[in-house]
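> turn this into a model:
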Amino acid sequence: QVQFVESGGALVQPGGSLRLSCAASGFILDGYAIGWFRRAPGKEREAVSCISTSGETETYANSVKGRFTISRGNDKKTVYLQMNSLNPEDTAVYYCAAGPGYGQYTVWGQGTQVTVSS
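Numbers count the residues shown, from 1 in each chain. Just a heads-up that it's a prediction; the model follows:
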């Protein structure tokens, strides 16, 4: 069974850091584009960061550029989102997704909650 499972969400104070993980089950991530998305309460889902199939190209939303970093694990089954300098506007459910290319995501995780609050 093909699955993508996120973890690492938590309650964190403004200015803090978190690292989200997404583990693939039933497939490996070689040749897949990976995306991290988030949905804040009352808002549309937005793309946070994506990494290309080769892993050579990363893109970031302007709101997270310079604070978030996407990366692939050496095990070819995990992808990470390092989030630094978190602020309350980063509060959302974060999802990862994989697919054959940007915007072609076919496997989605169930989401992990990130809450930034003092």
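
> ok, the helix or strand of the chain with the lowest mean pLDDT: who's next to it in the sheet?
Of all regular secondary-structure elements in the chain, judged by mean pLDDT, DSSP states H and E, the least confident is strand 3-7 with a mean of 90. Using DSSP bridges, the strands paired with strand 3-7 in its sheet are strand 18-25 (antiparallel).

> can you list contacts of the partner strand?
Strand 18-25 is contacted by residues 1-10, 12, 34, 36, 77-83, 86, 94, 96, 98, 107, 109, 112, 114 when judged by CB atoms under 8 Å, 6 or more residues apart in numbering. Just so you know, the C-beta spots here come from the backbone N, C-alpha and C atoms, and that holds for glycine as well.

> now which of the residues you listed would you call buried?
Among those, those that count as buried by neighbour count (16 or more other CB atoms under 10 Å) are 4, 6, 8-9, 12, 34, 36, 77, 79-81, 83, 86, 94, 96, 98, 107, 109, 112, 114.

> in a strand, Glu89, correct?
No - when DSSP: H, G, I helix; E, B strand; the rest coil is applied, Glu89 is found to be helix, with no strand at that position.

> where's the residue nearest the centre of the chain relative to Arg19, distance?
Against the mean C-alpha coordinate of the chain, by CA atoms, centre = their mean, the closest residue is Trp36 at 3.0 Å. Using CB to CB, to the nearest Å, Trp36 is found at 12 Å from Arg19.

> what residues are shared contacts of those two?
Where contact means CB under 8 Å, 6+ apart, the residues bridging Trp36 and Arg19 through contact with each are Leu81.

> close enough to count as contact, Tyr60 and Ser49?
Yes - with contacts defined as CB atoms under 8 Å, Tyr60 counts as touching Ser49 at a distance of 4.9 Å.

> which neighbours do these two share?
Listed contacts common to Tyr60 and Ser49 are Phe68, Ile70; contacts here mean CB under 8 Å, 6+ apart.
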